[in-house]
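Engineer: Compute the structure for the input listed below.
(one chain, ligands or ions: 1)
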Amino acid sequence: MLYLASRSPRRRELLTRLGLEFAVLELDVPEQRQADETAQAYVSRVARDKALAGLARVSGEPDALVLGCDTEVILDEDVFGKPRDSAEAAAMLRRLSGVPHTVVSALALVSASRHEEAVSVSEVRFARLPDAVIDAYVDSGEPFGKAGGYAIQGLAEAFVERLDGSHSGVMGLPLHQSAQLLATFGLGPLAAGLPTCATEAP
Ligand SMILES: Cc1cn([C@H]2C[C@H](O)[C@@H](COP(=O)(O)OP(=O)(O)OP(=O)(O)O)O2)c(=O)[nH]c1=O
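Structural biologist: So this is what the prediction gives:
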């Protein structure tokens, strides 16, 4: 049985697109960066912590496979997680205004006997955002529960001048890397080759 160790509705929606059956494990895993951890190492470690906490939850099931993910916005080695309040959301968006930033989504797929990891790194550049735009966006409520205080799948797509990377990765679950990881366990659309489109005979 495949489990998604996540409370995120976006991750649930995205994983559904890979056409696999899975169940959700809702966990509370602390997200606290250690003083000596690089931003990217932190994201990978949190994804691993989530997957391993999920595996511990279903420890009675020998065939359990658990996917854990973490997404963070990174600018100048500063990690922007989910804003605690409006002031923090606005402060994050002011820093992201007009300059490129990185979105890292890390994945860990674990079973009782195997442990595989992958990472998706995207570069995103927002247009310069006037304070009035930032304030209206924060008032919309969209920044809350989203790393960096924005949702590319929502209104914030209007801020994006350029995305170099994975749209699903920015949203929280990079589908290509997820499919690659699942394929190493013989699952998903990349395991047996991609489905082919029927072609009409000439
Ligand atoms: C940058 C960005 C992030 N996000 C979301 C994805 C994640 O849900 C969230 C990052 O926080 P995470 O800590 O990665 O995930 P989470 O707390 O929502 O869920 P869980 O830990 O239970 O898996 O930000 C978007 O939805 N759109 C975006 O454009």
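Engineer: The nearest residue to Pro174 once chain neighbours are set aside: neighbour count?
Structural biologist: Leaving aside its sequence neighbours, Pro174 sits nearest to Ser120 (CB to CB, 6 or more residues apart in numbering; 3.5 Å). In this view, the C-beta of every residue, glycine as well, is placed from N, C-alpha and C. For Ser120, the count of nearby residues is 22 (other CB atoms under 10 Å).
Engineer: cool, Val160 as well?
Structural biologist: Val160, neighbours per other CB under 10 Å, totals 15.
Engineer: residues in contact with the closest residue in space to Ala183 that isn't next to it in sequence?
Structural biologist: Nearest non-adjacent residue to Ala183, counting by CB to CB, 6+ apart: Leu190, 4.0 Å away. Applying CB atoms under 8 Å, 6 or more residues apart in numbering to Leu190 gives the contacts 179-180, 182-183.
Engineer: Give me the sheet partners of the helix or strand harbouring the residue nearest to Pro174 and which way each runs.
Structural biologist: Here Ser120, judged by DSSP states H and E, is contained in strand 115-126. Using DSSP bridges, the strands paired with strand 115-126 are strand 100-110 (antiparallel), strand 160-164 (antiparallel).
Engineer: my read: Asp49 touches Gly68, true?
Structural biologist: Yes: Asp49 lies in contact with Gly68 (CB atoms under 8 Å); the separation is 7.2 Å.
Engineer: okay, the two: which has more neighbours?
Structural biologist: Shown here are Asp49 and Gly68; by other CB under 10 Å, Gly68 has more neighbours (28 against 18).
Engineer: what sits against that one?
Structural biologist: 5-6, 47-54, 107-110.
Engineer: helices or strands next to the host helix or strand of Gln40 in the packing?
Structural biologist: Using DSSP H and E, the element containing Gln40 is helix 39-57. In terms of contacts (3 or more CB pairs under 8 Å, 6 or more residues apart in numbering; DSSP states H and E), helix 39-57 is packed against strand 65-75, strand 78-80, strand 100-110, strand 115-126.
Engineer: Just say which of these is most tucked in.
Structural biologist: For the helices and strands packed on helix 39-57, the largest average neighbour count (mean count of other CB atoms under 10 Å) is found in strand 65-75, namely a mean of 25.
Engineer: strand partners of that one, parallel vs antiparallel please.
Structural biologist: strand 2-4 (parallel), strand 78-80 (antiparallel), strand 100-110 (antiparallel).
Engineer: near the ligand, anything from it?
Structural biologist: Yes: remark: strand 65-75 sits within contact range of the ligand at 69-71, 73, by CB under 6 Å from any ligand atom.
Engineer: tell me the angle of that strand relative to helix 39-57?
Structural biologist: Interaxial angle, strand 65-75 versus helix 39-57 (axes from the mean of the first three to the mean of the last three CA atoms, to 10 degrees): 160 degrees.
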